[in-house]
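In: Could you work out the structure for the sequence below:
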Amino acid sequence: MELINYILIFLLSFAAFYYSGEIIVQSFNKIAKFLGWKEFVVSFLLMAFIGSLPNLFVGISSAMHNVPELSLGEVIGGSVIDLTLAIALATLFSKKNIPAKSKTINSSLIFTSIAAVLPILLIWDNILSRVDGIILISFFVFYILWLFSKKDRFTKVCEDEQPIQESFQKSFKGIIKIVLCLITFAVASDMIVRSGLFFAESFDIPIMIIGLFVIALGNCTPEIFFAISTARKDLGWMILGALMGAVTSQSTLVIGTVAILNPIVITSLSPFLIARIFLFIAIFFFFIFVKTDHCISRREAVFLLFIYISFIIAEMLFG
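Out: Next comes the predicted model:
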């Protein structure tokens, strides 16, 4: 009976993440229109920051429960999912290849690759210290400053044809909704971490494995649905930038925050070693595919999907 209760709590917590995330995106978009923010700014903040809020709350909660390695596993697993499964499904559901000709995407590709492997390199001595956390957050700040340094990246302004008073009222309501959703995030993340600990103890599974697969896939579900929905609407130019922004923020801002709150010490190397290998593989082929033809083709999407399936099999057999 206790197992069933925790499973229900686990599923309800992810449902709360999903619907709260939808409300935050809609509310934030209304606020952005009222303030007259640039379209690029809105899309970046939505996916790179707001899209990473569930990961951040889970990370903070895991640090408070003295299991920060759960967050590390979740972020690494999430990065592999974003760079393989999410992009692959988006490409397969798209009417054509996913374009990658944007100068911003090609320039950000280097930052994303460095950001994804930086936690892996810093934890090579099996500990991610507070100093390492500061390094990760500093990299994120540097990336943000670089990203917003050139005016040619801001081409469109969010337009709003509604009266100013009506827009203000909707913006104020949006702020209230965002605050309530953030509270929901905090409660749901605590429940997810507690459930993860229960599953790990009940089935004698390393806590990092729970993070790598179960929590990572759950937190990446909104990103996967966003990628597929965007691809089907023939807005493929948004997909790579959004997913790369998510990988960058999670690998630096989220993990850096967790490391500062509670340094991450790795005791079981086996599941983490396999995850490191497949993260390097995912980044390598993603980088090559984007740089060669400046797009992700269906054939490349199938290959990326194969990498993710191989990752699952390898963890099950050797993790």
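
In: now the helices for the stretch 201-319 of the chain?
Out: Using DSSP state H, counting those that start in this stretch, the helices of the stretch 201-319 of the chain run over residues 207-209, 216-232, 237-249, 255-261, 269-293, 298-318.

In: tell me the mean pLDDT for stretch 121-129?
Out: Average pLDDT, stretch 121-129: 88.

In: mind checking which of the helices of the stretch 201-319 of the chain is nearest I4?
Out: Comparison of the helices of the stretch 201-319 of the chain against I4 by CB to CB identifies helix 216-232 as nearest, at 18.0 Å. To be clear about C-beta, it is placed using only N, CA and C from the backbone, and glycine gets the same treatment.

In: Show me what that closest one is packed up against.
Out: Counting contacts by 3 or more CB pairs under 8 Å, 6 or more residues apart in numbering; DSSP states H and E, helix 216-232 packs against helix 2-35, helix 53-64, helix 68-81, helix 87-93, helix 237-249.

In: List of residues touching it?
Out: For helix 216-232, contacts defined as CB atoms under 8 Å, 6 or more residues apart in numbering pick out 14, 17-18, 21-22, 47, 51, 54-55, 58, 73-78, 80-82, 85-87, 89-91, 93-95, 98, 192, 236, 238-239, 242-243, 246.

In: now with 6 Å?
Out: Contacts with helix 216-232, where a contact means CB atoms under 6 Å, 6 or more residues apart in numbering, come from 14, 18, 21, 54-55, 74, 77-78, 81, 86, 89-90, 93-94, 238-239, 246.

In: Only alpha carbons, please: show that helix as CSV.
Out: Coordinates of each C-alpha in helix 216-232 appear next as CSV, following Å, rounded to 0.1, in the frame of the first residue of the first chain:
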residue,chain,number,x,y,z
ALA,A,216,15.2,13.0,-15.8
LEU,A,217,12.5,11.7,-18.2
GLY,A,218,9.7,13.2,-16.2
ASN,A,219,11.3,16.6,-16.1
CYS,A,220,12.1,16.5,-19.8
THR,A,221,8.5,15.6,-20.8
PRO,A,222,7.5,19.3,-21.3
GLU,A,223,10.6,19.9,-23.4
ILE,A,224,9.9,16.9,-25.5
PHE,A,225,6.2,17.9,-26.1
PHE,A,226,7.3,21.4,-26.9
ALA,A,227,9.8,20.2,-29.4
ILE,A,228,7.3,17.9,-31.1
SER,A,229,4.5,20.5,-31.1
THR,A,230,6.8,23.1,-32.5
ALA,A,231,8.1,20.8,-35.2
ARG,A,232,4.5,19.9,-36.3
